[in-house]
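Trainee: Provided below are the primary sequence and the corresponding predicted coordinates.
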Amino acid sequence: MTDSTPQYVGAVDQGTTSTRFMVFDHGGNEVAKYQLEHTQIMTKPGWVEHDPIEIWERTSSVIQSGLRQANLTYRDLAALGITNQRETAVVWNKNTGRPYYNAIVWQDTRTDRIASALDRDERGQKIRQKTGLPPATYFSGGKIQWILENVDGVREAAEAGEAVFGNTDSWLIWNLTGGPRGGAHVTDVTNASRTMLMDLETLDWDDELLEIFGIPRAMLPEIKPSSYTEGYGETLETGPLGGKVKLTGILGDQQAAMVGQVCFDPGMAKNTYGTGNFMLLNTGEELVRSKAGLLTTVCYQFNDEKPVYALEGSIAVTGSAVQWLRDQLGIISGAGESESLARQVQDSGGCYFVPAFSGLFAPYWRSDARGAIVGLSRYNTNAHIARATLESICYQSRDVTEAMTADSGVEVEVLKVDGGITANQLCMQLQADILGVPVSKPVVAETTALGAAYAAGLAVGFWKNLDELRENWNEGARWEPTWNDEQRADGYKGWKKAVERTLNWVDVD
């Protein structure tokens, strides 16, 4: 289909385990989708890497295949948006386009010594105050420092202005807009807010923070709004789209899901179930500094409007715990089987699984924690472990909602959910039961890609305003709590005991 006026907006969703390309119409409906996984490289305990070249090749493939399957061309797209796994750091040579090292993934814990050293003195407090983040292995700053210190020649190349850094949004945009031949080296405020290098108030890289990590400012991309009418650049005629399309939206994946779930009002919250779980609460233009172990982050910024902030609870391992059942334990052959196996039992038989494979993120922030299955007896079967895995996803989300209430005073009344695990009916029912509030899923579950499309489309007037986006949101499913208060309290008490058993497992200097 080709019309003189483009009828659609495209979005690249570059995630932790896969990359997908999606096309949406004005009603926010999915028109095209193509997805490919990429390799998870784990050479040492706690190390997780991706090949940036493979990610770029997969991105090119999904764009071409998605357009071809839907019989579309670049002319059908009014704009293109990008959303991405945040904090995953790529350092590459801007003259050749070759990465100096694999991308170090957000789950990677090799920087635990860097993070713990920062946390022991006043530098940790400076990082918290300026960035809203605790010193942790999760964020990009320590990963860049590690590459500068451990990969031969990178420090010298960075000082010479040849080595540049970006999260995967910057890497893809640079390649889409020309690569070594003048590609745009940009990011948006949401991705920049996940580096430990950007001041939340000025929305700019902070020289004091750069000095703490020993990072030359010239390495860093230019920070732009999340929805940007001027655009970050155009795709190349020789690129995967086959023509020029304006890039006008960038959002880190969890902020993109907030936009896709139309959580535009203060007090609105959503939970995205992916490789990890990410719950965000919109705090409006107010910068709320957490006292309960949450992150303060930029939710989005549209053009030259004031930024909107959020409190975030980031959980490292949720969907990847189900992958672990499949790939490492071999007790299921596909993610969907986790539900049928877990349904073979009425409960978890007293066992709890705390999947602290990368330490514990919010609200604990304990890099010394490691995964544990506790409460086992000979009675327990693989079905109990499958059910305990689903429960662990829900209990970790409850930990975050408790912290959000403590920080904001706002009780979550309905939890909006999205992401792959929302297809698991049992897991969503357990989430309602463990939280004690209804759980609501939209018709379009791919809210991350949708949010990137919304940001791009708003910038070019494809959608006129936020009200048009609100009208697109429709509930697809709802789960009401069935547990009584005593069940809920007993289950959570056991979970808290299980979490205690995971702590102090790894000695962190």
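Mentor: Perfect, I can see it now.
Trainee: what's the burial count for Ala163?
Mentor: 26 (other CB atoms under 10 Å). In short, each C-beta sits where N, CA and C put it, glycine included.
Trainee: For Asp304, what are phi and psi?
Mentor: Note on Asp304: backbone dihedrals following degrees, to the nearest 10 are phi -100, psi 20.
Trainee: list the contacts for it?
Mentor: With contact set as CB atoms under 8 Å, 6 or more residues apart in numbering, Asp304 has these partners: Pro225.
Trainee: Tell me the spacing between it and Asn191.
Mentor: Asp304 is 19 Å from Asn191, where distance means CB to CB, to the nearest Å.
Trainee: before we move on, what about Arg155?
Mentor: To Asn191, Arg155 is 24 Å away according to CB to CB.
Trainee: more crowded one of these two?
Mentor: The neighbour comparison of Arg155 against Asn191 (other CB under 10 Å) goes to Asn191, with 31 against 16.
Trainee: Going by secondary structure, that one is in what exactly?
Mentor: For Asn191, the host element (DSSP states H and E) is helix 189-192.
Trainee: What sits closest to Tyr300 if chain neighbours are left out?
Mentor: Distance criterion CB to CB, 6 or more residues apart in numbering; nearest residue to Tyr300, sequence neighbours excluded, is Ser226 at 4.5 Å.
Trainee: and what of Ala184?
Mentor: Gly233 (3.8 Å).
Trainee: what's near enough to touch the one you found?
Mentor: For Gly233, the contact set (CB under 8 Å, 6+ apart) comprises 173, 176-178, 183-184, 186, 247.
Trainee: redo that, cut-off 7 Å
Mentor: 173, 177, 184, 247 (CB atoms under 7 Å, 6 or more residues apart in numbering).
Trainee: Val308 too?
Mentor: Residues counted as contacts of Val308 (CB under 7 Å, 6+ apart) are 282, 284-285, 299-300.
Trainee: Could you give the average pLDDT over stretch 117-135?
Mentor: For stretch 117-135, mean pLDDT rounds to 92.
Trainee: hang on, the earlier thing: any idea of the pLDDT on the residue nearest to Ala184?
Mentor: Model confidence at Gly233, given as pLDDT, is 96.
Trainee: what does Pro45 give?
Mentor: 88.
Trainee: first to last residue in stretch 454-468, what's the distance?
Mentor: 10 Å (CA to CA, to the nearest Å).
Trainee: ugh, typo on my part, it should be stretch 175-185
Mentor: Criterion CA to CA; first-to-last residue distance in stretch 175-185 is 9 Å.
Trainee: mind listing the strands in the stretch 251-400 of the chain by residue range?
Mentor: For the stretch 251-400 of the chain, strands defined by DSSP state E, counting those that start in this stretch occupy the ranges 269-273, 277-284, 295-300, 308-315, 352-354, 372-374.
Trainee: So what touches the last one?
Mentor: Spelled out, that is strand 372-374. Identification of contacts with strand 372-374 by CB under 7 Å, 6+ apart yields 351-354, 385, 498, 501-502.
Trainee: Could you export those residues as TSV, including distance to Trp483 and pLDDT?
Mentor: Formatted as TSV, the contacts of strand 372-374 follow (distance: CB to CB, whole Å; pLDDT from 0 to 100):
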residue	distance to Trp483	pLDDT
Cys351	18	97
Tyr352	16	98
Phe353	19	97
Val354	20	97
Ile385	21	96
Ala498	18	98
Arg501	24	96
Thr502	24	96
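Trainee: Closest one of those to Ser116?
Mentor: Thr502 (17.2 Å; CB to CB).
Trainee: how near is the closest one to Leu209?
Mentor: Thr502 is 31 Å from Leu209, where distance means CB to CB.
Trainee: which SSE is Thr19 in?
Mentor: Assigned by DSSP H and E, Thr19 belongs to strand 18-24.
Trainee: Kindly apply the preceding question to Glu486 instead.
Mentor: Counting by DSSP H and E, the element that carries Glu486 is helix 485-502.
Trainee: and that helix, what does it pack onto?
Mentor: strand 352-354, strand 372-374, helix 382-408, helix 425-435 (3 or more CB pairs under 7 Å, 6 or more residues apart in numbering; DSSP states H and E).
Trainee: What segments of the stretch 1-150 of the chain are helices?
Mentor: Using DSSP state H, counting those that start in this stretch, the helices of the stretch 1-150 of the chain run over 52-69, 112-119, 122-131, 140-150.
Trainee: Ok, which of these comes nearest Val262?
Mentor: Closest to Val262 of the helices of the stretch 1-150 of the chain, according to CB to CB: helix 52-69, at 24.2 Å.
Trainee: just checking, what packs against the closest one?
Mentor: If contacts are counted by 3+ CB pairs under 7 Å, 6+ apart, helix 52-69 sits against strand 8-14, strand 18-24, strand 30-37, helix 168-176.
Trainee: Would you list the phi and psi of the residue of the chain most remote from its centre?
Mentor: Distance from the C-alpha centroid of the chain, by CA atoms, centre = their mean, peaks at Arg378 (38.0 Å). The phi/psi pair for Arg378 (degrees, to the nearest 10) reads phi -70, psi -20.
Trainee: can I get the CA coordinates of stretch 91-100 in PDB?
Mentor: This file holds the C-alpha atoms of stretch 91-100, laid out as PDB (Å, rounded to 0.1, in the frame of the first residue of the first chain):
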ATOM      1  CA  VAL A  91      32.000   1.700  22.700                       C
ATOM      2  CA  TRP A  92      33.000   1.900  19.100                       C
ATOM      3  CA  ASN A  93      35.400   3.700  16.700                       C
ATOM      4  CA  LYS A  94      33.600   6.500  14.900                       C
ATOM      5  CA  ASN A  95      35.900   6.400  11.900                       C
ATOM      6  CA  THR A  96      35.500   2.600  11.200                       C
ATOM      7  CA  GLY A  97      32.200   1.700  12.900                       C
ATOM      8  CA  ARG A  98      33.900  -1.200  14.700                       C
ATOM      9  CA  PRO A  99      33.200  -1.800  18.400                       C
ATOM     10  CA  TYR A 100      36.200  -2.100  20.600                       C
END
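Trainee: Tell me the buried residues in it?
Mentor: With burial defined by 16 or more other CB atoms under 10 Å, the residues of stretch 91-100 counted as buried are 91-94, 97, 99-100.
Trainee: May I ask which two of the residues you listed are separated the most?
Mentor: Greatest spacing in the buried residues of stretch 91-100, by CB to CB: Val91 and Gly97 (12.3 Å).
Trainee: Quick check: beta-bridge partners of Ser227?
Mentor: On the basis of DSSP bridges, Ser227 is bridged to Gly249, Phe302.
Trainee: I'd like to know how many residues surround it.
Mentor: Residues lying near Ser227 (other CB under 10 Å) number 26.
Trainee: and if you look at Lys126?
Mentor: Applying other CB under 10 Å, we find 16 residues neighbouring Lys126.
Trainee: now swap in Gly284 and tell me
Mentor: Other residues within reach of Gly284, judged by other CB under 10 Å, total 16.
Trainee: contacting residues for it?
Mentor: So Gly284 contacts 266, 308 (CB under 7 Å, 6+ apart).
Trainee: right, and the helices of the stretch 1-150 of the chain - which one's nearest Ala406?
Mentor: Of all the helices of the stretch 1-150 of the chain, helix 122-131 sits nearest to Ala406, with 17.0 Å by CB to CB.
Trainee: Run through who's touching that closest one.
Mentor: For helix 122-131, the surrounding residues in contact (CB under 7 Å, 6+ apart) are 118, 133-135, 196, 198-200, 206, 208-209, 212.
Trainee: okay, these in TSV with distance to Arg86 and neighbour count next?
Mentor: Below are the contacts of helix 122-131 laid out as TSV (distance: CB to CB, whole Å; neighbours: other CB atoms under 10 Å):
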residue	distance to Arg86	neighbour count
Leu118	20	23
Leu133	11	26
Pro134	16	22
Pro135	17	27
Met196	12	29
Met198	12	26
Asp199	18	18
Leu200	15	21
Asp206	18	20
Glu208	23	11
Leu209	17	20
Ile212	20	19
